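*Asks:* My questions are about this predicted structure, shown below with the sequence.
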Amino acid sequence: MIRAFSPAAAWLSLVLICWLAAACTPVQPWQRGHLAKPQMALEPYPAQRTLREHVYGSREAVVGTGSASGGGCGCY
């Protein structure tokens with residue numbers, strides 16, 4: 001008879017779940033300032049991203065970049 005879930009695997013999964021649950025700690029209000037740094041943002045430089053999208057859109061002459069299409073020189 002083949003067991004699908006052995007007792008050792010059950011013990012290991014229980015330890016793993018407890019270990020992962022211990023990593024979830026609440027952030028205190030005075031600690032939130034350290035986590036709100038610009039480096040922690042998904043897009044740390046949104047202006048640079050917008051400029052790159054504009055230049056790419058004007059060079060490739062694609063529509064839907066969020067700005068008007070240019071003449072290929074990267075200007076408005």
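*Replies:* It's in.
*Asks:* burial of Glu53, as a residue count?
*Replies:* 14 (other Cβ atoms under 10 Å). Bear in mind the C-beta positions are built from the backbone N, C-alpha and C, glycine included.
*Asks:* And for His54?
*Replies:* The tally of other residues near His54 (other Cβ under 10 Å) stands at 19.
*Asks:* ok, now how distant is it from Gln48?
*Replies:* 11 Å (Cβ to Cβ, to the nearest Å).
*Asks:* Now for these two: what residues contact both?
*Replies:* Listed as contacting both His54 and Gln48 by Cβ atoms under 8 Å, 6 or more residues apart in numbering is no residue at all.
*Asks:* Which parts of the protein are helices?
*Replies:* Taking DSSP state H as the criterion, the chain carries its helices at 7-22, 32-35, 46-60.
*Asks:* For the protein, give me the ranges with low pLDDT.
*Replies:* In the predicted model of the chain, residues 1-5, 60-76 satisfy pLDDT under 70.
*Asks:* Angles on the backbone of the most centrally placed residue in the chain, please.
*Replies:* Centroid-nearest residue in the chain: Leu42, 4.9 Å away (criterion: Cα atoms, centre = their mean). Per-residue torsions, Leu42: phi -60, psi -40 (degrees, to the nearest 10).
*Asks:* thinking again about what came up before, most packed of the helices of the chain?
*Replies:* helix 46-60 (a mean of 13; mean count of other Cβ atoms under 10 Å).
*Asks:* Show me how far it is from its chain's centre.
*Replies:* Chain-centre distance of helix 46-60: 20 Å, with Cα atoms, centre = their mean, to the nearest Å.
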